[in-house]
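Q: I need the structure of the sequence given here:
(one chain, ligands or ions: 2)
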Amino acid sequence: MILKGVNLAVKKGETIVVLGKSGSGKSVILQCIIGLIKPDEGVIKVFGKDINTLGEKEFLDFRKRTGFLFQSGALYDSMSVRENLEFPLKRHYGLESKELNSKVENALREVGLADAIDKMPSELSGGMRKRIGLARTLILQPEILLYDEPTTGLDPGTSREISGLIRGVQKERGMTSVVITHDMECVRITADRIAVLKEGRFIKTGNYEEVKTDGDEFIKSFFE
Ligand SMILES: Nc1ncnc2c1ncn2[C@@H]1O[C@H](COP(=O)(O)OP(=O)(O)OP(=O)(O)O)[C@@H](O)[C@H]1O
Ligand SMILES: [Mg+2]
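A: Ligands and ions are numbered 1, 2, ... in the order given. The predicted model follows:
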């Protein structure tokens with residue numbers, strides 16, 4: 001059992017960063033939150049309901065309201081940027097093409113990549129893929145966003161841009177977010193609160209300063 005006593009309440013509109021070593025179960029936590037993995041014990045409540053007791057229709061509605069940014073960006077390689085962004089809209093809403101177009105353009109503008117609309121994923125850099133992945137998530141206007149290592153594999157400048165984008169989306173939309181990262185610059189930029197995961201439990205929660213000045217060696221190691 002990788003998670004033992006995880007207890008965390010995320011407030012509406014805040015960004016929580018989960019810090020933990022590789023293999024400590026951070027991705028598993030996110031997958032539990034969106035119902036991809038069912039915990040053996042315990043309850044996960046989102047929008048006030050235990051997500052593992054939802055009926056099919058309720059679950060779909062819950063997933064519509066909950067965006068997930070995968071580590072790789074997870075774009076469909078055989079589809080253009082436009083088609084990638086249209087995909088969730090068609091699937092969830094069956095929208096007309098005129099409406100699709102303006103939504104796609106808006107979402108791309110929001111991530112600063114309006115020019116990339118007719119590109120294929122193979123023509124994009126890693127940072128651009130992350131942005132397009134974010135645009136594809138934002139297009140459904142989620143109320144909660146979950147980010148799994150949003151800056152991993154990017155150079156420091158691009159990482160800062162993506163972190164700034166995450167912060168901007170939160171500020172503009174009042175988005176509730178959970179960010180998993182070991183990029184401390186990303187933590188500094190995005191986190192309202194940090195939760196430190198060790199051996200299946202959260203051993204500390206607090207804002208950046210509170211966690212940074214903690215005396216625990218394990219916690220200190222993240223800030224070195
Ligand atoms: N569906 C699952 N059910 C049970 N255990 C799983 C499941 N998926 C992954 N695990 C195990 O949980 C542990 C933590 O995996 P996880 O991917 O959450 O780590 P992580 O903290 O995200 O690490 P990294 O920083 O390397 O991404 C691993 O030992 C993995 O084998
Ligand atoms: Mg992971």
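Q: Let me see the contact set for residue 90.
A: Counting by C-beta atoms under 8 Å, 6 or more residues apart in numbering, residue 90 makes contact with residue 100. C-beta coordinates here come from the backbone N, C-alpha and C atoms, glycine included.
Q: Sticking with the spatially closest residue to residue 214 that is not a sequence neighbour, tell me its helix or strand.
A: Leaving aside its sequence neighbours, residue 214 sits nearest to residue 204 (C-beta to C-beta, 6 or more residues apart in numbering; 5.8 Å). Taking DSSP states H and E as the definition, one finds residue 204 inside strand 201-206.
Q: So which elements touch that strand?
A: strand 193-198, helix 217-223 (3 or more C-beta pairs under 8 Å, 6 or more residues apart in numbering; DSSP states H and E).
Q: Grab the CA positions of it and hand them over as PDB.
A: Listed next in PDB are the C-alpha coordinates belonging to strand 201-206 (Å, rounded to 0.1, in the frame of the first residue of the first chain):
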ATOM      1  CA  ARG A 201       1.500  10.400   4.700                       C
ATOM      2  CA  PHE A 202       1.500  14.200   4.600                       C
ATOM      3  CA  ILE A 203       4.100  15.100   7.200                       C
ATOM      4  CA  LYS A 204       3.800  18.900   6.800                       C
ATOM      5  CA  THR A 205       1.500  21.400   5.200                       C
ATOM      6  CA  GLY A 206       2.000  25.200   5.000                       C
END
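Q: in the next helix or strand after that strand, what's buried?
A: Following strand 201-206 in sequence order, the next helix or strand is helix 208-212 (DSSP H and E). For helix 208-212, the buried set under the neighbour-count rule, 16 or more other C-beta atoms under 10 Å, comprises 208, 211-212.
Q: Report the beta-bridge partner residues of the spatially most central residue of the chain.
A: What sits nearest the mean C-alpha location of the chain, by C-alpha atoms, centre = their mean, is residue 147, with 1.9 Å. As for beta bridges, residue 147 partners with residue 69, residue 179 under DSSP bridges.
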